[in-house]
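> Quick one, what's the 3D model for this:
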Amino acid sequence: QVQLVESGGGLVQAGGSLRLSCVVSARTNRAYPMGWFRQAPGKEREYVAAIDWSGRNIYYLDSVNGRVTIWRDNAKNTVYLQMNSLKPEDTAVYYCAAAGSLRALVGGTGTGVDYWGQGTQVTVSS
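This is a model prediction of the structure:
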């Protein structure tokens with residue numbers, strides 16, 4: 001079993017920054033490809049960013065590219081999402097995700113994701 005626990009969400013003004021963290025607890029030492037998704041009220045869940053087990057291959061949703069950075073610290077079993085220059089349209093519940101392949105994380109709505117966190121709310125006020 002794999003458990004993902006997110007933290008770091010909150011309320012921030014437009015232009016502000018937030019850093020989300022996701023701690024991975026698993027019985028094995030396997031380093032899963034990881035990603036972040038988000039879901040705004042009334043909208044479909046969408047992929048935001050993904051990173052492979054090594055941290056060398058990273059992908060971003062076009063609309064957040066340049067404002068968001070994903071990285072991981074495998075020694076701490078933690079994946080991070082730094083979000084800068086936040087916009088009201090970034091408001092959503094953000095979910096951490098783990099999958100057996102990077103392909104299952106990049107793009108789409110996460111139907112190939114194996115494990116989800118409980119989500120953390122990010123609210124950006126205008």
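
> C-alpha only now, for contacts and for neighbours.
Fine.

> Would you mark the buried spots in stretch 46-65?
Neighbour counts over stretch 46-65 (16 or more other C-alpha atoms under 10 Å) mark 46-53, 55, 58-61, 64 as buried.

> Show the average pLDDT along it.
Mean pLDDT, stretch 46-65: 95.

> One more: stretch 89-99?
Stretch 89-99 carries an average pLDDT of 97.

> Buried residues of it, list them for me.
Of the residues in stretch 89-99, those buried (16+ other C-alpha under 10 Å) are 90-99.

> one step back: so which of the buried residues of stretch 46-65 belong to strands?
If you go by DSSP state E, these have 46-51, 58-60 in strands.

> want to throw these into JSON lines with distance to Leu81?
What follows is these, written out as JSON lines (distance: C-alpha to C-alpha, whole Å):
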{"residue": "Glu46", "distance to Leu81": "15"}
{"residue": "Tyr47", "distance to Leu81": "13"}
{"residue": "Val48", "distance to Leu81": "10"}
{"residue": "Ala49", "distance to Leu81": "8"}
{"residue": "Ala50", "distance to Leu81": "10"}
{"residue": "Ile51", "distance to Leu81": "11"}
{"residue": "Ile58", "distance to Leu81": "12"}
{"residue": "Tyr59", "distance to Leu81": "12"}
{"residue": "Tyr60", "distance to Leu81": "11"}
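
> circling back to that earlier point, make a markdown table out of the buried residues of stretch 46-65 and add distance to Asn74.
Formatted as a markdown table, the buried residues of stretch 46-65 follow (distance: C-alpha to C-alpha, whole Å):
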| residue | distance to Asn74 |
| --- | --- |
| Glu46 | 25 |
| Tyr47 | 22 |
| Val48 | 20 |
| Ala49 | 17 |
| Ala50 | 15 |
| Ile51 | 12 |
| Asp52 | 11 |
| Trp53 | 8 |
| Gly55 | 9 |
| Ile58 | 15 |
| Tyr59 | 18 |
| Tyr60 | 20 |
| Leu61 | 23 |
| Val64 | 24 |
